[in-house]
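1. Dropping a prediction and its sequence here:
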Amino acid sequence: ALALGSAGGLTAGDGFACGITPSRTAACWGAGAAVPEAPATPLAAISADGGSVCGIRAATSEVVCWGADDRAPDTSVRLQAIAIGSERACGLEVGTGRAVCWREGMCALGATVPRSTIEFSAIAAGGNTACALEAASGLPVCWGCKEDP
């Protein structure tokens, strides 16, 4: 059995799951050939959706992504939290809690990331939508593609 560490988390994509081991490296497993091969770098956090996975490097807070979509933000971006959806990936910047997104997908109107003056304490993403909790109020703020019902 694979032992996972208590920090950094466990995440699942389409037919696979990944977690952070006690040595802080990612391990991914699942059914079939669609399991993304994890990099051998220590990670502080991990998030997956579809066939992609992104993690925050433990030493530098930089983002590394692998799998079907390995696009990551510029290496100058340092994150303390990360969340990815199939068409959107976002994180919270170290020190400011500001939301930063990349992989904007096929969004039209309504895809704008909240203004940079808002500090967030947690973030989640799915599909083409992201939500974060305002640090001061605990209220959720969501953004992403607007779709007709």
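-> Cool, the structure landed.
2. pLDDT averaged over stretch 29-37 - what is it?
-> Stretch 29-37 carries an average pLDDT of 78.
3. How about stretch 95-114?
-> Mean per-residue pLDDT for stretch 95-114: 71.
4. Repeat that for stretch 119-129.
-> Rounded mean pLDDT across stretch 119-129 is 90.
5. again, but for stretch 137-149
-> In this model, stretch 137-149 carries a mean pLDDT of 75.
6. Would you check that Ala89 makes contact with Cys54?
-> Yes - proximity of Ala89 to Cys54 meets the contact threshold set by CB atoms under 8 Å, at 5.9 Å. Just so you know, the C-beta spots here come from the backbone N, C-alpha and C atoms, and that holds for glycine as well.
7. Which one's more surrounded, these two?
-> The residue with more neighbours, out of Ala89 and Cys54, is Cys54; 30 against 27, by other CB atoms under 10 Å.
8. Okay, and that one sits in which element?
-> Secondary structure assignment for Cys54, by DSSP states H and E: strand 52-57.
9. Next: Ala72.
-> Going by DSSP H and E, Ala72 is not part of any helix or strand.
10. can you count the residues close to it?
-> When counting by other CB under 10 Å, one arrives at 17 neighbours for Ala72.
11. And Thr75, by the same measure?
-> Thr75, neighbours per other CB under 10 Å, totals 11.
12. so who does it touch?
-> Thr75 makes contacts with Glu62, as judged by CB atoms under 8 Å, 6 or more residues apart in numbering.
13. can you give me the strands in the chain?
-> Ranges of strands in the chain, per DSSP state E, are 10-12, 16-20, 26-30, 43-49, 52-57, 63-67, 79-84, 89-93, 99-102, 120-126, 129-134, 140-144.
14. any idea of the mean pLDDT in the fourth one?
-> Read that as strand 43-49. For strand 43-49, the mean per-residue pLDDT is 93.
15. Just the angle for that strand relative to strand 63-67, thanks.
-> 40 degrees (axes from the mean of the first three to the mean of the last three CA atoms, to 10 degrees).
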